[in-house]
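> structure of the sequence below:
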Amino acid sequence: MDICFDLRKANWENNNSLPIKIFYYMASSKPVIYTRLKAIVNEVPQISEFGHLVDASNSQEVSEAIAKYVFQPQVYKRHCEQAKSFYNSRYNWKLISPNLLRFVEKLYHD
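Next comes the predicted model:
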């Protein structure tokens, strides 16, 4: 796969849940095309540097995002590099696991 997609409906549940697979996609050095969800906008603000947020119900917007990668290979290459870079520097498990463990420990101690 050259481009990773997640074009889910932008309902309340999806808007408020950060899809974890975005981090796996980043780790695989692949650009993403995702539904414009509030959780992604809030938690991964640099997504435009390695992907596109779209209205999943707008086929024109989705196809334009795909075409950008097909017809502008330099954008595709840059987004692949940036995806891996952001994953390595901000979102890999070694970096985030201490915070997750503190969060879970706090839940059980409070």
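
> for residue 94, give me its contacts.
Contact analysis of residue 94 by Cβ atoms under 8 Å, 6 or more residues apart in numbering lists nothing. (Each C-beta comes from the backbone N, C-alpha and C, glycine too.)

> okay, now the spatially closest residue to residue 25 that is not a sequence neighbour: neighbour count?
Ranked by Cβ to Cβ, 6 or more residues apart in numbering and with sequence neighbours excluded, the top spatial neighbour of residue 25 is residue 4, at 3.9 Å. Using other Cβ atoms under 10 Å, residue 4 has 18 neighbouring residues.

> surely residue 4 touches residue 32?
Yes. Applying Cβ atoms under 8 Å as the test, residue 4 and residue 32 come out as touching, 4.9 Å apart.

> list residues touching both of those two?
residue 25.

> quick check: buried residues in the helix or strand hosting residue 60?
Assigned by DSSP states H and E, residue 60 falls within helix 59-71. Neighbour-count burial for helix 59-71, with 16 or more other Cβ atoms under 10 Å as criterion, is recorded at 62, 65, 69.

> which other helices and strands does that helix contact?
strand 32-35, strand 51-54, helix 73-86 (3 or more Cβ pairs under 8 Å, 6 or more residues apart in numbering; DSSP states H and E).

> how about residue 82, nearest residue that isn't a chain neighbour?
Counting by Cβ to Cβ, 6+ apart, residue 50 is the residue found nearest to residue 82 once chain neighbours are left out, at 4.1 Å.
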